[in-house]
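Novice: Need the 3D shape of this:
(one chain, ligands or ions: 1)
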Amino acid sequence: MSFSHLGLSEKVLTAVAAAGYKTPTPIQDQAIPHVLARRDVLGIAQTGTGKTAAFTLPMLTMLEQGRARARMPRTLILEPTRELAAQVEESFAKYGANHKLNVALLIGGVSFDDQDVKLTRGVDVLITTPGRLLDHFERGRLLLTGVELLVIDEADRMLDMGFIPDIERICKLVPFTRQTLFFTATMPPEIRRITEQFLHNPVRVEVAKPATTLSTTAQGLVTSGREPHEKRDTLRRLIRSADNVKNAIIFCNRKRDVATLYRSLARHGFSVQALHGDMDQPARMAALEQFRKGEVTLLVASDVAARGLDIPDVSHVYNFDVPMHPDDYVHRIGRTGRAGRSGTAITIVAGSNDAKAVAAIEKLIGQAIPWLDHQSEKKPPGEPAAQQAPRHSPQAHRGDGRRHRAPRPDSHRSAAVARIDETGSRRPNPARARSEDSDASHLPAFLLRPVPVKA
Ligand code: AMP
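Specialist: As a prediction, the model looks like this:
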């Protein structure tokens with residue numbers, strides 16, 4: 001089956017061919033004709049299924065008729081995060097290469113005035129996050145009465161992030177007669193309620209999860225001591241003892257832990273970037289771009305920042321923290337093993353709460369995740385394991401008969417020593433000094449002796 005039977009315009013078909021797509025994905029095949037027939041669509045699909053093109057391609061086709069008026073966007077796309085919004089804008093640039101449409105991205109971290117100039121000119125497609133849209137609306141910069149089509153993307157993520165009241169408000173601000181396309185990966189009760197309230201007789205299109213995660217990803221668990229420095233130590237051992245880490249995303253549960261881990265890895269000489277919600281927009285985009293292009297090997301990220309991002313070909317995912325919601329585990333490990341490639345996902349388990357969270361994940365995915373360190377199975381949860389020999393090679397559980405690799409000589413050790421000496425000679429902040437010491441816990445004790453400091 002090709003794209004030609006779906007009813008898309010010639011301009012769109014040319015752009016699709018230029019993108020190299022031969023066959024529509026199931027969500028594209030099923031949703032596009034209904035979107036073009038002006039039906040509301042409830043799409044149950046996650047990233048990686050081609051859902052962005054499923055709404056972008058028919059929207060481009062429909063927008064060929066008509067013109068935008070100042071401050072009155074014709075179509076509105078709501079995304080939970082700035083990165084996803086920026087990614088959708090890229091899709092419009094790619095698939096809309098043969099169109100002369102005004103596409104505006106309205107997101108935090110980008111100057112209000114620049115965005116305002118665009119709105120004044122009139123936009124065909126406004127891509128935004130709920131908060132930023134309401135900011136502009138409240139300042140009287142924007143009228144939503146001209147919206148013909150509303151896309152709500154990653155709705156379950158919006159729910160996790162507390163955006164549902166904003167979504168409800170926006171749904172009431174756009175005309176009742178607009179067309180609505182609603183995408184979500186799961187259907188918790190709150191999402192069901194919203195769809196019942198705001199979609200009119202929708203066509204339900206449900207596609208299977210992309211063939212990633214569970215089938216093409218080797219998963220494993222590794223124990224660690226509970227202290228942050230012990231977990232950092234475990235992570236470094238894992239990365240260094242694996243011989244096939246092309247690139248990796250390392251997930252933390254909290255933003256501040258992303259920042260701390262990023263700094264620690266950078267100090268230890270790793271090629272690393274960070275991605276979390278407190279970074280300003282240019283820094284987030286730059287970090288992501290560097291990782292995509294392979295200019296850095298490791299990306300330390302929070303769930304919010306990384307959810308739904310299209311980063312092909314990630315060889316490893318490390319869960320520095322066990323995710324608090326089992327769903328997040330599936331999303332995280334879905335970053336690797338994409339498009340049929342094999343991937344490895346390793347989770348650091350530290351303490352009884354982590355063990356409980358792992359049990360919930362195993363229940364959700366319907367399988368046990370193997371321990372990569374044999375002692376872990378016998379060790380009571382929470383007992384430090386960071387001192388044990390690093391035998392967590394990602395290959396360890398594959399039963400390929402290969403011996404565990406010996407740990408690499410710590411080539412960053414001298415750098416770490418120099419840093420401690422240097423810090424010791426300054427000691428501006430005892431808390432910082434303490435954490436730096438603890439981060440270097442693998443050093444021989446004699447190197448950690450306090451350095452005399454002259455006043
Ligand atoms: P999405 O689920 O929208 O994030 O898309 C996932 C990836 O699939 C993106 O990199 C798209 O460029 C790619 N893609 C979308 N549609 C197709 C298609 N019909 N054939 C091949 N790749 C596609």
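
Novice: Next one: the residue of the stretch 351-455 of the chain found nearest the ligand from residue 327, what distance?
Specialist: For the stretch 351-455 of the chain, the residue closest to the ligand is residue 365, as judged by CB to the nearest ligand atom, at 20.7 Å. C-betas here are computed from N, CA, C, even on glycine. Noted for residue 365: a distance of 10 Å to residue 327, by CB to CB, to the nearest Å.

Novice: Then residue 189?
Specialist: Distance from residue 189 to residue 327, by CB to CB: 15 Å.

Novice: swap in residue 320?
Specialist: Distance of residue 320 to residue 327, given as CB to CB: 18 Å.

Novice: Can you check the pLDDT for the spatially closest residue to residue 1 that is not a sequence neighbour?
Specialist: Residue nearest to residue 1 in three dimensions, not counting chain neighbours: residue 23, with 6.0 Å by CB to CB, 6 or more residues apart in numbering. Note on residue 23: pLDDT of 91.

Novice: same deal with residue 159?
Specialist: 88.

Novice: which non-adjacent residue is nearest it?
Specialist: Nearest non-adjacent residue to residue 159, counting by CB to CB, 6+ apart: residue 190, 5.5 Å away.

Novice: neighbouring contacts of the helix or strand containing the one you found?
Specialist: Assigned by DSSP states H and E, residue 190 falls within helix 189-198. Here helix 189-198 makes contact (CB atoms under 8 Å, 6 or more residues apart in numbering) with 42, 155-156, 159, 164, 167-168, 171, 180, 182, 184, 187, 202.

Novice: which among the residues you listed gets closest to residue 84?
Specialist: Among those, residue 155 lies closest to residue 84 (CB to CB), at 12.1 Å.

Novice: Residue 167 is in contact with that closest one, correct?
Specialist: Yes - the criterion here is CB atoms under 8 Å, and residue 155 meets it with residue 167 at 7.5 Å.

Novice: Settle it for me: which of those two has more neighbours?
Specialist: Higher neighbour count among residue 155 and residue 167: residue 155, with 26 against 21, using other CB atoms under 10 Å.

Novice: residues contacting the more buried one?
Specialist: 167, 182-184, 191, 194.

Novice: repeat for residue 62
Specialist: Contacts for residue 62 (CB under 8 Å, 6+ apart) come out as 35-36, 149.

Novice: one more time with 7 Å, if that's ok
Specialist: residue 36 (CB atoms under 7 Å, 6 or more residues apart in numbering).

Novice: which secondary structure element contains it?
Specialist: Using DSSP H and E, residue 62 maps to helix 51-63.

Novice: For the stretch 351-455 of the chain, which residues are neighbours of the ligand?
Specialist: For the stretch 351-455 of the chain, the contact set with the ligand under CB under 6 Å from any ligand atom is empty.

Novice: How is this structure divided into domains?
Specialist: 3-206, 217-383 (automatic domain parsing).

Novice: residues contacting residue 361?
Specialist: Contacts of residue 361 by CB under 7 Å, 6+ apart are 326, 329.

Novice: do you know how far the residue nearest to residue 159 is from the ligand?
Specialist: Residue 190 sits 23 Å away from the ligand, taking CB to the nearest ligand atom, to the nearest Å as the criterion.

Novice: now the strands for the chain?
Specialist: 41-44, 75-78, 103-106, 125-128, 149-152, 179-184, 203-206, 217-223, 248-252, 272-275, 298-302, 316-319, 343-349 (DSSP state E).
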